[in-house]
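K.L.:
Just the structure for this:
(chains A and B)
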Amino acid sequence: MTDDCVVYVIDDDSSVRAALEDLLASVGIRVLAFETTTAFLTHGMVDIPGCLVLDVRMPGQSGIDFHRSMTGLGINLPVIFITGHGDISMGVEAIKHGAIEFLTKPFNDQTLLDAIQNGISMDQDRRRTKAQSMALQALWSSLSAGEQEVARLVVRGLLNKQIAAELNVSEITVKIRRAQVMRKMDAQTLPDLVRLTEKLALSSLF
Amino acid sequence: MAMQLRSGLRLVLLAGIMATLFIVDTVTNYEVAAAVFYAIVILTAAPFLMHRTLILLAALCIALTALSFALTPKGNLTIGLANMSVSIIAIIMTTWLILKMDAARQEAQDAQARLMRVARIKSLEGLTTSIAHEINQPLAAIVTSGNACSHWLAHDPPNLDRARQALERIVHDAGRASTIVARVRSLSRGEAPHKTVFILNDAVQEIIGVSRGEIERHGITLELELPPGLPPVHADRVQIQQVIGNLLLNAIEAILSSTNPVRTIHMASDMRGSMLRLCVRDSGVGIPVGIRNHLFETFWTTKEDGMGIGLSISRTLVEANGGHISAEPVEPWGALFCFTVPAAQQEQHP
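P.N.:
You can find the predicted model right below:
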C-alpha cells in the first residue's frame, strides 16, 4: 500500500500509539495518530480511502461512544477496535454497530494488518459506489422535467404511443425526448437505461 | 467448657420450670389454666434449641398438659377441657410462630451472605480488569514494536535505524510493565504489620465471640484447649485475628459441606520453642489427595463460590508476622490447620 490511503489511530496510551505508528510505517502505510477523539475531530480527515483504529477505553469519550456518534458526524470510516480488556459482550455490541474487527491487546500484527487492509478496501468500494451514484445523479439532473417523465414511463415498459397518450403529447415529441434521455444518460440500449435507473432508485431520486 | 456448662445450666433450669408448672397445673382446680405458661418455656428455650428439639419440647408440654388434666382431682370438667384446649393451642401457636420467624430470619441471613459474596467477587473483578488493562497496554506496545522491528529488518536493505528505535521502545515499555507489576504487588501486600504484644488466647476468644452465633446455628460443638499462662506474642493483632477468623470460617464451611454426623471444631494453643502455635481442627470434608500442595495458592479453590484467596492471604499475613502456616488431613475425617506466631521477648513485655 502506498500514499493513496491513510490509517487513523486513536489511543490514549503513547506507547501503543508510537508502536502502531511504527508498525504501519514499516509496511508502508500512512498513519495519523491521535490521543483523543477530540484531537482527531479537530485535525479532520484527509479525503482519501482509510480506516480507523480505535481504542475502547480512553479518558474522556470512550471509543465505543465515539463509534456510535460517527454516523451523526458524517464519518463513514470502517472501524477496528483495540482494547486492553476484551469482554465478549462488548465485542459483540461493537460488531453489531458495524465495527469490522475487535482485537484484544496484545494483538497479532498480521490480524491487525489484515483488518486494516480489509477496512481500506471497504472504504475504497464505498467511495467508488458513492462517486458513481453522484455521477449518475448529475446525469439525471441534466434531464429536463419532460425528459425525466418520459424516462420513467419508458423503463416501465410502455410503448411510445402509450407514453404519448399518458403525457398528452405527440408521439414525435416522445421519440425526441426518448432519444435525448438515451444520449444524456449515456445508455446504448433499453436494458442499459433500466439498470441505470435502478441505481438511481437506490438513492431515491428516481 | 464454659459454653457447655452454661447450656447445661439452662436445661436444668427449664426442666425445673416445667416440673413446677406440671405440679401446679395438676394440684390446682380445672379452672386454673397454669398450662398456658408452657408457652413461656418454649419461648425461653427456642434461641438455643434446634428446630426438631423444639418441636419435641412442644410435644412434651402438650403431653404434660393432658396428663395434668387426667390427674387433676377436682373442679368443673367442662372448664377444665376448655382450659386444656386453650393451653394446647397456645403451645402449638407459640412453637409455630417461632419456627416461622426463624425460617424468615434464616432466609434474610442467607440473602445477606450471598450479597456480600457477590460484592466481594465484583470488586475483585473490577480490580483484575483494571490490572489487566494496565499491563496489556505496554504488552501490546511491546508486541507491536517487536513486529515493526522485524518488518524493518526484513526491508532490503534492512532499516537498522528504525529497527533500533523499535527495540529502544520495547525496552522502555518492558520497564513500564514491571513498574506496574511492582505497584500491584505493593497494593496486594497491604500495610506492613503493626506489631504489638498481646495474649494470643484472648485474641482467639474475641474471634470465637464474633463467630459463636454462626457455630451454634449450625449445631457445631466447639472444643477449646486454650491453656492460661502462655507467654504473650509479638505480632499484628488485627492481622492474626484475620487469620484465626479465616481458619474458623473454613472449618465451619468444611463441616457444612460434609455429611459426617460428628460436627466438631477443636481449637488449641500451645508453646513450641520460641513460638506460640494455634491449631484449628474440624470434622469436615478434609483435604482431598493432591490438593494439599495448592492449598495456599492464590485463586485456587475447591469451593463452588469461593475465590481462592482466603488461605493465600492467611499465609501472607502469618509470614509477614514471622510465623508459619501448615495444613494436613486428619484421620478418619477432617483437616488440621496450624500457624505459629513469635512469642514476645522479655523486653517487649508491657
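K.L.:
what about residue 139, neighbour count?
P.N.:
Looking at chain A here, since you left the chain open. 16 (other CB atoms under 10 Å in any protein chain shown). C-beta here means a position set from N, CA and C on the backbone, and glycine is covered the same way.
K.L.:
I was thinking of chain B, sorry if that wasn't clear
P.N.:
20.
K.L.:
How confident is the prediction for residue A:98, by pLDDT?
P.N.:
Looking at residue A:98, its pLDDT reads 90.
K.L.:
in what helix or strand does it lie?
P.N.:
If you go by DSSP states H and E, residue A:98 is not part of any helix or strand.
K.L.:
For the stretch 51-200 of chain B, which residues are neighbours of chain A?
P.N.:
Within the stretch 51-200 of chain B, the positions near chain A by CB under 8 Å from any CB of the partner chain are B:129, B:132-134, B:136-145, B:147-148, B:151-152, B:155, B:159, B:162, B:165-166, B:169, B:172-173, B:176.
K.L.:
which residue lies farthest from the center of chain A?
P.N.:
Outermost residue of chain A with respect to the C-alpha centroid, by CA atoms, centre = their mean, is residue A:170; its distance is 43.3 Å.
K.L.:
returning to that earlier point: name only those of the residues of the stretch 51-200 of chain B next to chain A that count as buried.
P.N.:
B:132-134, B:136-145, B:147-148, B:151-152, B:159, B:162, B:165-166, B:169, B:173, B:176 (16 or more other CB atoms under 10 Å in any protein chain shown).
K.L.:
what residues does chain A put near chain B?
P.N.:
Counting by CB under 8 Å from any CB, chain A sits next to chain B at A:13, A:15-16, A:18-20, A:22-23, A:25-27, A:57, A:82, A:84-85, A:104-107, A:109.
K.L.:
Return the subset of the buried ones among the residues of the stretch 51-200 of chain B next to chain A lying in helices.
P.N.:
B:132-134, B:136-145, B:147-148, B:151-152, B:162, B:165-166, B:169, B:173, B:176 (DSSP state H).
K.L.:
for the residue nearest to the spatial centre of chain B, what are its contacts?
P.N.:
When CA atoms, centre = their mean is applied to chain B, the residue found nearest the centroid is residue B:249 (2.4 Å). Applying CB atoms under 8 Å, 6 or more residues apart in numbering or on different chains to residue B:249 gives the contacts B:211, B:310.
K.L.:
The residue most central in space within chain A and residue B:88, how far apart?
P.N.:
Nearest residue to the geometric centre of chain A (CA atoms, centre = their mean): residue A:126, 3.2 Å. When CB to CB, to the nearest Å is the yardstick, residue A:126 and residue B:88 sit 87 Å from each other.
K.L.:
picking up where we left off before, give me every residue that touches the residue farthest from the centre of chain A.
P.N.:
Here residue A:170 is in contact with residue A:164 (CB under 8 Å, 6+ apart).
K.L.:
The same query, at a cut-off of 10 Å, please.
P.N.:
Counting by CB atoms under 10 Å, 6 or more residues apart in numbering or on different chains, residue A:170 makes contact with A:164, A:176.
K.L.:
what do you get for the one 3 residues further on?
P.N.:
Residues near residue A:173 by CB under 10 Å, 6+ apart: A:146, A:150, A:160, A:163-164, A:167.
K.L.:
Widest-spaced pair of those?
P.N.:
A:146 and A:160 (14.1 Å; CB to CB).
K.L.:
So what's the residue count around residue B:199?
P.N.:
18.
K.L.:
Thought residue B:232 was touching it, still the case?
P.N.:
Yes - in this structure, residue B:199 is within contact of residue B:232 by CB atoms under 10 Å, at 5.2 Å.
K.L.:
anything in contact with each of these two?
P.N.:
Shared contacts of residue B:199 and residue B:232, counting by CB under 10 Å, 6+ apart, come down to B:276, B:344.
K.L.:
what about the strands in chain A?
P.N.:
Counting by DSSP state E, the segments of chain A that form strands are A:6-10, A:30-34, A:50-55, A:79-83, A:101-104.
K.L.:
Return the list of helices and strands in contact with the third one.
P.N.:
With contacts defined as 3 or more CB pairs under 10 Å, 6 or more residues apart in numbering or on different chains; DSSP states H and E, the packing partners of strand A:50-55 are strand A:6-10, helix A:14-26, strand A:30-34, helix A:37-43, helix A:63-70, strand A:79-83, strand A:101-104, helix A:109-141.
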